[in-house]
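A.B. asks: Sequence first, predicted coordinates after that:
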Amino acid sequence: QKEVEQDPGPLSVPEGAIVSLNCTYSNSAFQYFMWYRQYSRKGPELLMYTYSSGNKEDGRFTAQVDKSSKYISLFIRDSQPSDSATYLCAMSDQAGSTLGRLYFGRGTQLTVWP
Amino acid sequence: DTAVSQTPKYLVTQMGNDKSIKCEQNLGHDTMYWYKQDSKKFLKIMFSYNNKELIINETVPNRFSPKSPDKAHLNLHINSLELGDSAVYFCASTPGTGGKLFFGSGTQLSVL
């Protein structure tokens, strides 16, 4: 069983829709949770970063972490064609350490059509 | 003023050849990584260096040899390339705060 599970999609939505992306995980030691966005032929870029449980909002993006259920989500409001990308969840069990590693989900490919 | 830059962007080569990928970061980070992304977009860590010292070495064939001449550079040399080595290889660095990574734009390796 993989450490992090993520539905690869693809997910296709019209412009303006609310998008929900999710990951589940098995390792209860994970404390840091991230969402990376990867455009075609580019490297992943950090989109959202959350420590422990709770919500974090940044513009149209909201990240949620439910450690009791081992479940994280990314919501995109008023989705735009420019949001079309692959979204990868990632998590770490290392507290502020340079030595830690990230465990990535497989990524969900999102297309927002005008 | 690219933060993490890697060269070449594309690499097409024959089976059995030896090739290198270079990476440089100007962010002042102490830790750098090599990740491999397969055709299904799965990112898997290969190596990690902290201030020129190897700290993570996943189960990678010993045909892959990383080298870090200084903390701003991390290169990857691959001997006797095989078809299964075809993938996108990403270099990344981190400031060390709980796993935030900064990625390069990737090297698409195709082994024919």
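C.D. replies: Perfect, thanks for sending it.
A.B. asks: Tell me the pLDDT of the residue nearest to A:D7 when sequence neighbours are not counted.
C.D. replies: With Cβ to Cβ, 6 or more residues apart in numbering or on different chains as the criterion, A:D7 has its nearest non-adjacent residue at 6.0 Å, and that residue is A:T108. In short, each C-beta sits where N, CA and C put it, glycine included. A:T108 is assigned 95 on the pLDDT scale.
A.B. asks: what does the one 3 residues further on give?
C.D. replies: Taken from the predicted model, the pLDDT recorded for A:T111 is 97.
A.B. asks: Bridged to it, which residues?
C.D. replies: In this entry, A:T111 is beta-bridged to A:S12, by DSSP bridges.
A.B. asks: Return the residues in contact with it.
C.D. replies: A:10-13, A:84 (Cβ atoms under 8 Å, 6 or more residues apart in numbering or on different chains).
A.B. asks: can we see that at 10 Å?
C.D. replies: A:9-13, A:79, A:81, A:83-85 (Cβ atoms under 10 Å, 6 or more residues apart in numbering or on different chains).
A.B. asks: Repeat that for A:R106.
C.D. replies: Per Cβ under 10 Å, 6+ apart, neighbours of A:R106: A:2, A:4-9, A:23, A:86, A:88-89, B:38, B:40-43.
A.B. asks: for the residues you listed, which one is nearest B:N62?
C.D. replies: Using Cβ to Cβ, the shortest approach to B:N62 within the contacts of A:R106 belongs to B:D38, at 20.0 Å.
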